[in-house]
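Student: Curious how this folds, go ahead:
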Amino acid sequence: MATSILIADDHPVLRSGLRVLLAADPDLEVVGEAGTGEETLRLAEELGPDVVLLDIGMPGGSGIETVRRLKEKLPALKVLFLTMHEEEGMLLEALSAGGDGYVIKRADQPEIIQAIRVVLRGDVYVHPAMTRALLGQSETTERPQEPVEPLTRREIDVLRLLARGNTNRQIAELLTLSVRTVESHRANLMGKLGLSSRVELVTYAEEHGLL
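Tutor: Okay, here's the model as predicted:
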């Protein structure tokens, strides 16, 4: 069954473009379009989409207010912000309000589709240019410290695949391991690196040339 998408943006031309872009993927289906916050809430309840692509600057209730109300009514719904804003404060506010991901409108088709798939499986997607902002870092921040204990070859493999967005089950299949073993490697490398989230893993992998 195709993943159902509700597009919420106050610009009709952008909505039309997104509909065409998403229609190119047979696993995705746009089931509705909304131009205001109130319309987004109404259609989300009526249509029951899997994912809402939501703009931040919406009339009739901003995207931030809208995501809060959506999560109150439909807590299992995935909300992916698609916005022109690249400010750290806006990113943090969007995720704190309940957003499952944050993509910049200049992103290309593969990234938008990848972001949809990432949030569907329960992970948070953040546009690569914004990962430092999520961690409160700037381009001048020092490189992450090396782990006290060196990572094993297998831990590096798991780190690389996690940073690329793979789930534990997918990594297990790719490396011919059990899911439990992958979980163990993941816990070990997080402990060695002093990290606590996938976003931090991505940043570490980028800094050390593992992507």
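
Student: I'd guessed I104 sits against M90; true?
Tutor: No: under the criterion of CB atoms under 8 Å, I104 lies out of contact with M90, with a separation of 10.9 Å. Using the backbone N, CA and C atoms, a C-beta is placed for each residue, glycine as well.

Student: got any residues that touch both of the two?
Tutor: Taking CB atoms under 8 Å, 6 or more residues apart in numbering as the contact definition, I104 and M90 share the neighbouring residues T83.

Student: Which helix or which strand is home to A44?
Tutor: A44 belongs to helix 37-47 when elements are defined using DSSP states H and E.

Student: Touching that helix from outside, list them.
Tutor: Residues external to helix 37-47 that are found in contact with it (CB under 8 Å, 6+ apart): 4, 6, 8, 31-32, 34, 49, 52, 54, 58-63, 65-66, 69-70, 73-74, 77.

Student: Tell me the gap between that helix and the middle of its chain.
Tutor: Mean C-alpha position of helix 37-47 versus that of the full chain (CA atoms, centre = their mean, to the nearest Å) differs by 22 Å.

Student: Show me what whichever helix or strand comes after it is packed against.
Tutor: Remark: after helix 37-47, the chain's next helix or strand is strand 51-54, criterion DSSP H and E. Contacts of strand 51-54 with other secondary structure elements, assessed using 3 or more CB pairs under 8 Å, 6 or more residues apart in numbering; DSSP states H and E, are made with strand 3-8, helix 37-47, helix 63-73, strand 78-83, helix 109-120.

Student: can you redo those as a markdown table with mean pLDDT, distance to L195 and mean neighbour count?
Tutor: Compiled in a markdown table, those are given as follows (pLDDT from 0 to 100; distance: least, CB to CB, whole Å; neighbours: other CB atoms under 10 Å):
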| stretch | mean pLDDT | distance to L195 | mean neighbour count |
| --- | --- | --- | --- |
| strand 3-8 | 96 | 30 | 23 |
| helix 37-47 | 95 | 34 | 18 |
| helix 63-73 | 92 | 27 | 19 |
| strand 78-83 | 93 | 24 | 24 |
| helix 109-120 | 89 | 18 | 18 |
